[in-house]
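**Student:** structure for this input, please:
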Amino acid sequence: MKICLINNILRPFDRGGGAERISEIIRDGFSDAGDDVFTLSLRPVFKNSQGKKAYYLKSYFYNLYKMPLFLKLFWHFNNLFNFNNFIKIFFIFKKEKPDLIITNNLMGVGMLLPFLIKILKIKHVHILHDIQLIYPSGLMFYGQEEKIEKWPIKIYLKITRFLFASPDYIISPSKWLLDMHDKNNFFKKSEKKVIQNPAIIFNAKKEKKEKNIFRFLYVGQIEEHKGINILINAFKKLQKNYFSDIELEIAGSGTLFNKFKNENTECPEGKNNNSIKFLGKINNKEVRERMEEADCLIVPSLCYENSPTVIYEALSSQVPVIASNLGGIPELLGRNRGLLFIPGSEEDLLEKMIFLKKYPSEGKDMVNQGFSYILNKNKENYISEMRDMIN
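**Tutor:** Okay, the predicted model is just below:
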């Protein structure tokens, strides 16, 4: 079977996001099974890239966060009705003749794509990753849920619902996300199913080196909505008032990287604060290595997360997880697979960090539960479930 897999961001222009990594796992899963897979994604306007079985459309999507508001509004309108990409993709499909198209995040690719796929009568699977069809940024913040009820957003929602119509199949990694779209009347004629994201399963956790430090780890974007400030403040209180033998590693990049690094790696006396380490952006292999050395992963997000890839990686690496009780996260960490805290609450996060540090046996119980749960979430089973759905 010839398959086209589409996500707005893929290597070499990836940002380490979950949708990018899941898209690559799915691509590799179908390729390993013998299918002929090619990809379609975006590239920055002033950068070129050529890859085997890969198409890149130039886009200002990569500079969207730098644009003033009026240009962002214009960009989003163009994204809804991007006829330029519509024509380019039409000729790509005519050339490649795919039997199946798997779409993921389409922000920047254009919302006319589902209409094109329907015209060409190609089987279409769309995988949900966030609420971009409901809210342009895809980010809904805890305590600010009313923003998606404003009339400009309602107009945007109606347009995307009309343009997207009903792909043949809809897959959602969490029930929470599928319910969000059902509530807003998306995909009325589609066959829908919750299939949790595929995970790369690590056979066994390496024995940790003897050390006297309890290491907390954060992996993700360095942005306000990811709750970095809450995590750092809770960690500082933990270190000042309870434990000195702790360390926090922060892996990732973002617009606030330098700000947070400068504010938190120097003590008031001008000495280096070695207990908080900013690692910058690291690759998948390095993420795995940091997981192997970590005693706890923390996901302090302030926005509604769907099914964070980093939690799958932690469960697979047998690392205890503390995460915000938001979106689809409870579906991953329920039944004693992790600890949930009130989003935005430094106090509640601090309590969970103290608990895990004081009672490591509880962390081991969570590790065992989480690893048993994640064992059957490998890419082979994911591809098999998708095949069963579309055949």
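
**Student:** and the strands in the stretch 101-250 of the chain, which stretches?
**Tutor:** All strands of the stretch 101-250 of the chain, identified by DSSP state E, counting those that start in this stretch, fall at 123-127, 169-172, 191-194, 214-219, 246-251.

**Student:** what residues does the first one touch?
**Tutor:** Counting by Cβ atoms under 8 Å, 6 or more residues apart in numbering, strand 123-127 makes contact with 22, 26, 99-104, 114, 117-118, 164, 167-173, 190, 386, 389-390, all of which sit outside it. Every C-beta, even on glycine, is put in place using the N, C-alpha and C of the backbone.

**Student:** keep only those of those residues that are in helices.
**Tutor:** Ile22, Ile26, Pro114, Ile117, Lys118, Phe164, Met386, Met389, Ile390 (DSSP state H).

**Student:** neighbours of the fourth one, just the number please.
**Tutor:** It refers to Ile117. 22 (other Cβ atoms under 10 Å).

**Student:** hang on, the earlier thing: now the ones in helices among the contacts of strand 123-127: which count as buried?
**Tutor:** Neighbour counting by 16 or more other Cβ atoms under 10 Å classes Ile22, Ile26, Pro114, Ile117, Phe164, Met386, Met389, Ile390 among the ones in helices among the contacts of strand 123-127 as buried.

**Student:** quick check, nearest of those to Leu333?
**Tutor:** The closest of those to Leu333 turns out to be Ile22 (Cβ to Cβ; 18.3 Å).

**Student:** not counting sequence-adjacent ones, nearest residue to that closest one?
**Tutor:** Asn197 (5.2 Å; Cβ to Cβ, 6 or more residues apart in numbering).

**Student:** then Lys175?
**Tutor:** For Lys175, the spatially nearest residue (Cβ to Cβ, 6+ apart) is Val194, at 5.3 Å.

**Student:** then Leu350?
**Tutor:** Leu350's closest residue in space is Ala234 (Cβ to Cβ, 6+ apart), at 4.5 Å.

**Student:** ditto for Leu297
**Tutor:** Ala314 (4.1 Å).

**Student:** do the same with Pro300
**Tutor:** Pro300's closest residue in space is Gly227 (Cβ to Cβ, 6+ apart), at 3.3 Å.

**Student:** so what's that neighbour up against?
**Tutor:** Pro300, Ser301, Leu302, Ser324, Pro343, Gly344 are the contacts of Gly227 under Cβ under 8 Å, 6+ apart.

**Student:** go on, Asp14?
**Tutor:** By Cβ under 8 Å, 6+ apart, Asp14 lies in contact with Glu20, Arg21.

**Student:** what's the helix or strand for it?
**Tutor:** Asp14 is part of no helix or strand, with elements assigned from DSSP states H and E.

**Student:** confidence score at it?
**Tutor:** Asp14 carries a pLDDT value of 82.

**Student:** per-domain residue ranges of this protein.
**Tutor:** Residue ranges for the domains of the chain, per automatic domain parsing: 2-198+377-390, 214-374.

**Student:** all good on my end, thank you.
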